[in-house]
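S.K.: Structural data only, the sequence is not supplied:
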């Protein structure tokens, strides 16, 4: 069964601690494309019950319209994970984010539990999407099979902090140690035609460093990036939004493609550069990211 | 709901509410002590909401101490539910 098509932009996903009422009630006003209501690492072990109940009430009260709502639950093998699923699945957020997935057997086990809960509540299996987090070396090695396990998995993400710890990296801030993992995860996502999110940038004071990292991961092929502070949103959104120059170029290419297609020409030149199908495809993607409909050209 | 021990949930942070629950003898009724930074504007609404939530959990006899820092209704309900479950020792999926 194919999961519901995603209709949100996914440049930025803002983590919101699940036990913080002030941030939960304002979640969608910061300008992120999505919010990640976090029941996992952002919540103290003795407040898991409080966070779960608070997120549950907030989701039923606050309108997060225009913002993709994802809940990050605890891993199913922790004392908290199963209860998270029991409480969150019936609420059907846009997506559930599953941390530290390492094997296909594990994702199968978790999705089976999700679908059992959905059955108990007479809910369809094709509405709420599943996002898988890869945060260990074993997960990186298995990411292609994990990402392809179920059609309701429509995004994967890399958890850089946990991965660096798992790899026993002492200095992790420059991203060198997780670079292979980033590329492997992007390739797995592209092979399955699903989205892929980068890890957080932990130094909220370092805006230049954030921009540099966002530009780098955009070049790698990431769809967007997780954010830990609202002040990081504008920078990442800007990096992932096409510039005026990029839009003009894309419009030129798509218009030239339409003209040439009518004459049966598949390869042509725009401003002295060869244009073929993949170039047109990239130009169309630029226009989509800029919210420009092809019919309007 | 059968309350067993003193319990609390929430915090003194802005937009939150700290709720303390204390079991009392059967027949004592509800003793609600309410402090709020928006007492004048929303005190009556807050009290009505706490009574309605206690009705939902079928709690007749209890002392509830509420210190509100401008919480929205879902936060008040969530903190009260958490404190009641902790008091009844029926909370699950957490460490104490």
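M.R.: Alright, I've got the coordinates. Note that this is a predicted model, so its numbers are computed, not measured. Numbering: from 1, shown residues only, chains lettered A, B, ... in the order given.

S.K.: only C-alpha atoms for contact and neighbour calcs from this point on.
M.R.: Fine.

S.K.: burial count for residue 21?
M.R.: No chain was given, so I picked chain A. Neighbour count for residue A:21, taken as other CA atoms under 10 Å in any protein chain shown: 28.

S.K.: Sorry, I should have been clearer: chain B.
M.R.: Neighbours of residue B:21 under the rule other CA under 10 Å: 25.

S.K.: and it, what helix or strand is that in?
M.R.: Element membership for residue B:21 (DSSP states H and E) is strand B:17-23.

S.K.: What strands line up against that strand, and which way round?
M.R.: strand B:7-9 (antiparallel), strand B:62-68 (antiparallel) (DSSP bridges).

S.K.: Can I get those strands in TSV including mean neighbour count?
M.R.: Below are the strands paired with strand B:17-23 laid out as TSV (neighbours: other CA atoms under 10 Å in any protein chain shown):
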stretch	mean neighbour count
strand B:7-9	22
strand B:62-68	21
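
S.K.: what's the closest of the ones you listed to residue A:225?
M.R.: Proximity of the strands paired with strand B:17-23 to residue A:225 was assessed by CA to CA; the nearest stretch is strand B:7-9, lying at 33.1 Å.

S.K.: Going by neighbour count, which residues in the lengthiest helix in chain A are buried?
M.R.: Ordering each helix of chain A by length in residues (DSSP state H) puts helix A:244-262 first. Buried residues in helix A:244-262, defined by neighbour count with 16 or more other CA atoms under 10 Å in any protein chain shown: A:247, A:249, A:250, A:251, A:253, A:254, A:256, A:257.

S.K.: tell me the mean pLDDT for that helix?
M.R.: Averaging pLDDT along helix A:244-262 yields 91.

S.K.: Equivalent analysis for stretch A:186-194, please.
M.R.: pLDDT averaged over stretch A:186-194 gives 97.

S.K.: Next: stretch A:18-26.
M.R.: Mean predicted lDDT for stretch A:18-26 stands at 97.

S.K.: how far is that stretch from where the chain is centred?
M.R.: Stretch A:18-26 has its C-alpha centroid displaced from the chain centroid by 21 Å (CA atoms, centre = their mean, to the nearest Å).

S.K.: Count the residues that sit near the spatially closest residue to residue A:231 that is not a sequence neighbour.
M.R.: With sequence-adjacent residues excluded and distances taken as CA to CA, 6 or more residues apart in numbering or on different chains, residue A:231 is closest to residue A:204, at 7.8 Å. Residue A:204 has 15 neighbours, counted by other CA under 10 Å.
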